[in-house]
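Asker: this one's structure only:
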């Protein structure tokens with residue numbers, strides 16, 4: 001079988017380890033890297049433009065449009081196919097990377113952050129649906145664990161590469177590098193076969209959605225847990241770069257590197273375990289680890305303390321992510337898989353966005369305020385744990 005055949009050969013149920021899944025994972029890594037490589041340097045860049053008081057909006061605006069676009073990405077994923085939606089999201093990253101050096105006012109920058117959010121509003125939804133299409137249901141946890149490993153690598157490699165580029169070159173080179181990574185992610189999946197049956201041609205009428213198209217009530221339990229657990233991630237993305245600098249860590253991507261390495265060590269195993277013992281039990285373990293990570297992060301205000309907390313935080317998210325993804329797909333009817341996944345991602349973006357906005361608002365360039373936001377995120381994680389415990393014991 002030649003390379004083209006192995007990519008496009010129709011097959012309704014695929015094993016996990018094949019070329020198509022591998023290319024999808026590599027594309028996921030580069031896509032994640034393309035926008036995450038900007039995160040550590042954007043607060044400094046915005047401050048240089050004179051917008052230091054808007055630092056909390058860097059993540060909040062991004063996640064706002066990501067969340068608002070999820071219902072549309074869910075509907076389109078279920079109608080026009082997985083591939084077009086994946087490619088559209090990555091194209092947004094390509095375009096925005098080239099526009100950052102052009103729009104050099106505070107208003108222009110904030111507008112681009114708003115537009116840039118469409119990328120994660122579309123691509124991850126379609127990737128998750130594509131994975132569910134090509135992997136047997138009894139191995140979804142394992143598959144999302146593996147795909148999550150690559151996506152999470154982008155969370156580490158992106159910031160580390162981005163900070164290195166900025167240290168040795170310039171912001172313009174950083175932005176252009178982000179575009180190039182996103183473009184390569186598109187090329188990797190360009191020849192992949194569409195997995196959706198009965199694909200429809202795009203029409204603007206598809207963008208007219210009703211309330212029933214926005215939220216899938218069937219996946220509300222994992223969606224609520226996702227919201228409560230990812231609130232902390234918004235805080236981390238917004239405040240950890242400044243907190244790292246305050247603690248004397250020169251490379252602001254160090255936290256994300258440790259976080260990702262820890263996450264990688266557990267994702268594959270956590271996904272497989274959730275296939276065997278159930279999503280709820282694994283999710284509760286992840287929430288307990290998240291509480292410990294946030295408490296350590298807030299209490300031990302040293303370089304080693306922060307990096308140790310990053311490791312525990314990575315373990316918690318490595319446990320939670322594949323379990324919540326697989327749980328959402330478990331509860332979604334096949335013909336509404338995109339809608340169910342979109343609902344979970346709406347909750348994720350809402351958690352990240354509110355976490356970023358509120359933590360940035362409370363921070364106000366006062367470093368003593370940062371531990372308070374970490375304690376507040378701990379309380380929300382405990383609420384999620386209590387909610388899940390109640391649901392588990394009620395049945």
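Answerer: Nice, I can see it. Just so you know, these numbers come straight off a predicted model, no measurement behind them.

Asker: need the contact list for residue 140.
Answerer: For residue 140, the contact set (Cβ atoms under 8 Å, 6 or more residues apart in numbering) comprises 131, 132, 275, 325, 326, 329, 330. Using the backbone N, CA and C atoms, a C-beta is placed for each residue, glycine as well.

Asker: Please, which helix or strand holds it?
Answerer: Assessed by DSSP states H and E, residue 140 sits inside helix 140-168.

Asker: List the buried residues of whichever helix or strand comes after that helix.
Answerer: Remark: after helix 140-168, the chain's next helix or strand is helix 171-189, criterion DSSP H and E. Buried residues in helix 171-189, defined by neighbour count with 16 or more other Cβ atoms under 10 Å: 171, 174-179, 181-186, 188-189.

Asker: I'd like to know which of the residues you listed is nearest to residue 299.
Answerer: Checking the buried residues of helix 171-189 against residue 299 by Cβ to Cβ gives residue 174 as the nearest, at 33.8 Å.

Asker: wouldn't that closest one be in contact with residue 162 here?
Answerer: Yes: with contact defined as Cβ atoms under 8 Å, residue 174 counts as touching residue 162 (5.8 Å).

Asker: Overlap of the contact sets of the two?
Answerer: Counting by Cβ under 8 Å, 6+ apart, the residues touching both residue 174 and residue 162 are 37, 38, 41.

Asker: In terms of pLDDT, where does the second one sit?
Answerer: Read that as residue 38. Listed pLDDT for residue 38 reads 92.

Asker: what sits against it?
Answerer: 158, 162, 174, 175, 178 are the contacts of residue 38 under Cβ under 8 Å, 6+ apart.

Asker: just curious, which of those is nearest to residue 81?
Answerer: residue 178 (26.1 Å).

Asker: That closest one contacts residue 35, doesn't it?
Answerer: Yes: judged on Cβ under 8 Å, residue 178 makes contact with residue 35 at a distance of 6.7 Å.

Asker: who touches both of those two?
Answerer: residue 93.

Asker: re the thing from before, looking at neighbours, which among the contacts of residue 140 is most surrounded?
Answerer: With neighbours defined as other Cβ atoms under 10 Å, the most crowded of those is residue 325; it has 30 neighbours.

Asker: Secondary structure element holding it?
Answerer: Residue 325 belongs to helix 303-331, assigned by DSSP H and E.

Asker: ok, now residue 243?
Answerer: Per DSSP H and E: helix 220-246 holds residue 243.

Asker: what mean pLDDT does stretch 368-378 have?
Answerer: 92.

Asker: burial of the spatially closest residue to residue 230 that is not a sequence neighbour, as a residue count?
Answerer: Leaving aside its chain neighbours, residue 230 sits nearest to residue 351 (3.5 Å; criterion: Cβ to Cβ, 6 or more residues apart in numbering). When counting by other Cβ under 10 Å, one arrives at 26 neighbours for residue 351.

Asker: show me where pLDDT drops low in the stretch 251-395 of the chain?
Answerer: Confidence mapping of the stretch 251-395 of the chain against pLDDT under 70 gives the ranges 252, 392-395.

Asker: can we see that at 80?
Answerer: Counting by pLDDT under 80, the ranges of the stretch 251-395 of the chain that qualify are 251-253, 257, 260, 267-268, 334-338, 349, 364-365, 391-395.

Asker: Would you map the helices across it?
Answerer: 254-277, 279-299, 303-331, 337-363, 370-394 (DSSP state H, counting those that start in this stretch).

Asker: you'd agree residue 258 is up against residue 315?
Answerer: No: taking contacts as Cβ under 8 Å, residue 258 lies outside contact range of residue 315: 10.8 Å.

Asker: between these two, who's got more neighbours?
Answerer: The neighbour comparison of residue 258 against residue 315 (other Cβ under 10 Å) goes to residue 315, with 23 against 20.
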